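Engineer: Could you work out the structure for the sequence below:
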Amino acid sequence: MAKAKTVYVCQQCGSVRSRWMGRCTDCGEWNTFVEERADSSEVSPAAPASTRNRPVRLGDVCAEDARRLPSGVAEFDRAVGGGLVVGGVVLLGGEPGIGKSTLTMQVLSGLAAQGRSVLYVTGEESASQVAMRADRIGGEGAQEIAILATTQLEDVETSWSEHRPEVVVIDSVQTLRSHDLSSTAGSVAQVREVAARLTERAKVDSISMVLIGHVTKEGSLAGPKVLEHLVDTVLSFEGDRTHAFRMVRAVKNRFGPAHETGVFEMLSEGLRDVPDPSAMLLSERPVDASGSVVVPTTEGSRCFLVEVQALVAPSRLGASRRVASGLDASRMAILLAVIERKAEIQVLDQDVFASLTGGIRLGERGLDLGLAIAVVSSFRDRALPPNWAVFGEVGLAGEVRAVAHPERRIAETAKLGFSNVILPKATAERLGDAPPGLRLHPVAGLSEAFETAFHS
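Structural biologist: Residues are numbered from 1 along each chain as shown. Next comes the predicted model:
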């Protein structure tokens, strides 16, 4: 016989305690415990041996590829590994206004145009607001999307049972609440309960589901970490709202490669696929400008070229400033120390500003050498030739180290018409001959890289 009991749940990390505490011992936050009701059942007797699951040989298990539903939005399908998986749950997170609702509306529109039954659950907007967005975006199947405006989990479950959709979008999971819990919508307990029940239902009914989630000020998904563990795929929708460039990155994917990316351009009528991001990112690159360096970078299975810009100026204040946009600021500080100590170029007393054009954010180590050369280029006011590209990791000893996927970087660089590439010496030795029309400049350290870049 089940009996109700009271527990205290941390609204920051989801930790459960039997009594109230002023400070959570797990996450260290103060005054985050909220009283909630929980059900505890008496331990049931052990099931008969005949009904228990038994281990089987891995060789006897049939390994089948997941059945997918391509949406027709090519870059979204690329990010999730080829389309939504039947019975799979996707968690899509991003800043407010970045385009999450627009993207999912386009995905549902493409699926509805194929004759599939789709359901859009909105807890943040009314049905008329969603209809206005659908009219603006257009699409062959936009008018066939079923809309449910509610904040009650039980309403979603009822509609789910009546309409039996093939694909469901929840916008957003933080707005739904269950009558079984007394806490408010968006609390740790409600988010955990809503996500668990919806995920279980999606698995049982073989329905593809997309959960739209809020993010914190730091850019991570809001709510308990268990939310990310419950779902099969976690997508991060990134980009600067002042730029048209958007990127969907797969942070986790049980049915495909992680770190795969889809690239979009935000237009008045919605998101447009960008199959060739290199051409878009370099379209406005200045000619013969100091501090500008092109770097071939890899994200998942694709490679594209980005422009790294740096500006070095004398510091007029007591402490030098370090500002990075789209780059790891701590990594830039390390590179400046290596440049001064190992290459003997005094930049630590200068204000340094660096950015990736297009409003994108990247953190891979292949950008190190390009950023270092951009800083020295701006410091000396000497431009790198426009047909040169650079990639490589820089170590604390000033050495230039190899990075992953050099073949893709070289191929993309040659395709865009570049004629010279500065790259790690170890990478050049493994690659062998360069593609026709492309000259490789292998370097072993920072000083050699600067000599090659500015005295060739």
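
Engineer: going forward, measure contacts between C-alpha atoms and count neighbours the same way
Structural biologist: Fine.

Engineer: Specify the strand with the largest residue count in the protein.
Structural biologist: Determined from DSSP state E, the single longest strand within the chain is strand 302-314.

Engineer: Within its sheet, name the partner strands of it and how each one runs.
Structural biologist: strand 292-299 (antiparallel), strand 350-356 (antiparallel) (DSSP bridges).

Engineer: pLDDT weak spots in the stretch 151-300 of the chain?
Structural biologist: Along the stretch 151-300 of the chain, the model assigns pLDDT under 70 to residues 218-219, 222-224.

Engineer: Now do the helices in it.
Structural biologist: Remark: helices assigned in the stretch 151-300 of the chain by DSSP state H, counting those that start in this stretch are 153-163, 188-205, 226-230, 277-281.

Engineer: Which among those helices is found nearest to L103?
Structural biologist: Taking CA to CA, helix 277-281 is the member of those nearest to L103, at 18.1 Å.

Engineer: packing partners for the closest one?
Structural biologist: Using 3 or more CA pairs under 8 Å, 6 or more residues apart in numbering; DSSP states H and E, the elements in contact with helix 277-281 are strand 302-314.

Engineer: circling back: give me the contacts around the longest strand of the chain.
Structural biologist: Residues outside strand 302-314 that contact it (CA atoms under 8 Å, 6 or more residues apart in numbering) are 260-261, 276-278, 281-282, 285, 291-298, 349-357, 370-371, 374-375, 378-379, 408-409, 412-413.

Engineer: Which positions in it come out as buried?
Structural biologist: Across strand 302-314, burial judged by 16 or more other CA atoms under 10 Å covers 302-313.

Engineer: How about stretch 251-260?
Structural biologist: Across stretch 251-260, burial judged by 16+ other CA under 10 Å covers 252-253, 255-260.

Engineer: would JSON lines of the helices of the stretch 151-300 of the chain with mean neighbour count and distance to E95 be doable?
Structural biologist: Formatted as JSON lines, the helices of the stretch 151-300 of the chain follow (neighbours: other CA atoms under 10 Å; distance: least, CA to CA, whole Å):
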{"stretch": "helix 153-163", "mean neighbour count": "15", "distance to E95": "24"}
{"stretch": "helix 188-205", "mean neighbour count": "19", "distance to E95": "18"}
{"stretch": "helix 226-230", "mean neighbour count": "16", "distance to E95": "17"}
{"stretch": "helix 277-281", "mean neighbour count": "18", "distance to E95": "22"}
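
Engineer: which one of those lies closest to R57?
Structural biologist: Of all the helices of the stretch 151-300 of the chain, helix 188-205 sits nearest to R57, with 23.9 Å by CA to CA.

Engineer: centre of the chain versus the closest one, how much separation?
Structural biologist: With CA atoms, centre = their mean, to the nearest Å as the basis, helix 188-205 stands 23 Å off its chain's centre.

Engineer: For that helix, which helices and strands make contact with it?
Structural biologist: By 3+ CA pairs under 8 Å, 6+ apart, helix 188-205 packs against strand 3-10, helix 226-230.

Engineer: If we use 7 Å, what do you get?
Structural biologist: Applying 3 or more CA pairs under 7 Å, 6 or more residues apart in numbering; DSSP states H and E, one finds that helix 188-205 contacts helix 226-230.

Engineer: And the contacts of the helix it packs on?
Structural biologist: With contacts defined as CA atoms under 7 Å, 6 or more residues apart in numbering, helix 226-230 is touched by 192, 195-196, 234.

Engineer: Tell me which residues are up against stretch 91-109.
Structural biologist: Under the contact criterion CA under 7 Å, 6+ apart, stretch 91-109 has outside partners 71, 73, 118, 134, 139-142, 145, 210-215, 221, 231, 233-238, 241, 270-271.

Engineer: Could you pull up the mean pLDDT of it?
Structural biologist: Per-residue pLDDT over stretch 91-109 has a mean of 93.

Engineer: rewinding a little: strands paired with the helix or strand that comes right after the longest strand of the chain, and their directions?
Structural biologist: Counting by DSSP states H and E, the next helix or strand C-terminal to strand 302-314 is strand 322-325. Strand 322-325 pairs in its sheet with strand 350-356 (parallel), by DSSP bridges.

Engineer: Using PDB, write out every CA atom in the strand it pairs with.
Structural biologist: Written as PDB, here are the backbone C-alpha positions of strand 350-356 (Å, rounded to 0.1, in the frame of the first residue of the first chain):
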ATOM      1  CA  GLN A 350      48.800  45.500 -25.300                       C
ATOM      2  CA  ASP A 351      45.000  45.500 -25.500                       C
ATOM      3  CA  VAL A 352      44.000  42.500 -27.600                       C
ATOM      4  CA  PHE A 353      40.600  42.000 -29.200                       C
ATOM      5  CA  ALA A 354      39.800  38.900 -31.200                       C
ATOM      6  CA  SER A 355      36.700  37.500 -32.900                       C
ATOM      7  CA  LEU A 356      35.300  35.000 -35.300                       C
END
